[in-house]
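A.B. asks: Give me the fold of what follows.
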Amino acid sequence: MEIKKIIELLESLIKNPTEGLPEDIFLFVSRITPMVNVDLLIKNEQNHTLLTWRDDGYYPPSWHIPGGIVRYKEKLSDRINAVAASELGAKIKFKKEPLAINEVIIPSRRVRGHFICLLYECTLISSLDKNLKYEKGIPEPGQWAWHNGCPNNIIPVHEMYRKFI
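C.D. replies: Numbers count the residues shown, from 1 in each chain. Below is the predicted model of the structure:
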């Protein structure tokens, strides 16, 4: 089969890339090109950092800074707001310039192994979803909690943010 035909077949399986890709196609794309993602650094009045619990099979279950991968033709500002809404059930405002830009290459990983990460300083302008608040015991995926300092069980790739947490 010609490459042109294969590409046409792949494109026929994608309804609207601005809304994301089918999982298998996304994973394929992540094997051939870097992903751009935004991460949201949110502090409270006590200078604690808001982290969410992640357990998705890519890292050991651990805390991370909320973030998301930018979709095709999506503005960074739209992705930042979408992450706040989907992961925190909240609205935020943020500084236009990223606080940090990092390139992450994970040599041992073929899928989702190369990222350009933009860290944005954000401020909550609405309440967090209280149903997602971590209270005690083992956190559930997606739960949030304020942290006074960087926890030991942060996802390895977010060690790059330790000085901000």
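
A.B. asks: in stretch 39-59, what's buried?
C.D. replies: Neighbour-count burial for stretch 39-59 flags 39, 40, 41, 42, 43, 49, 50, 51, 52, 53, 54 (criterion: 16 or more other C-beta atoms under 10 Å). For every residue, glycine as well, the C-beta is placed using N, CA and C.

A.B. asks: mind listing what the fourth one touches?
C.D. replies: The neighbours of residue 42, taking C-beta atoms under 8 Å, 6 or more residues apart in numbering as the test, are 49, 50, 66, 88, 92, 122, 123, 124.

A.B. asks: The fifth one and residue 60, how far apart?
C.D. replies: According to C-beta to C-beta, to the nearest Å, residue 92 and residue 60 sit 28 Å apart.

A.B. asks: try residue 21
C.D. replies: 26 Å.

A.B. asks: If you count surrounding residues, which of these two has more?
C.D. replies: More crowded of residue 21 and residue 60, by other C-beta atoms under 10 Å: residue 21, with 20 against 10.

A.B. asks: shouldn't the more buried one be in contact with residue 35?
C.D. replies: No - the pair residue 21 / residue 35 is not scored as a contact, 11.1 Å apart, by C-beta atoms under 8 Å.

A.B. asks: pretty sure residue 146 is in contact with residue 47, am I right?
C.D. replies: No - counting by C-beta under 8 Å, residue 47 is not a contact partner of residue 146; they are 9.8 Å apart.

A.B. asks: Please name the residues that touch the spatially most central residue of the chain.
C.D. replies: By C-alpha atoms, centre = their mean, the chain has its centre lying nearest to residue 67, at 2.3 Å. Neighbour list for residue 67: 37, 38, 39, 40, 83, 117 [criterion: C-beta under 8 Å, 6+ apart].
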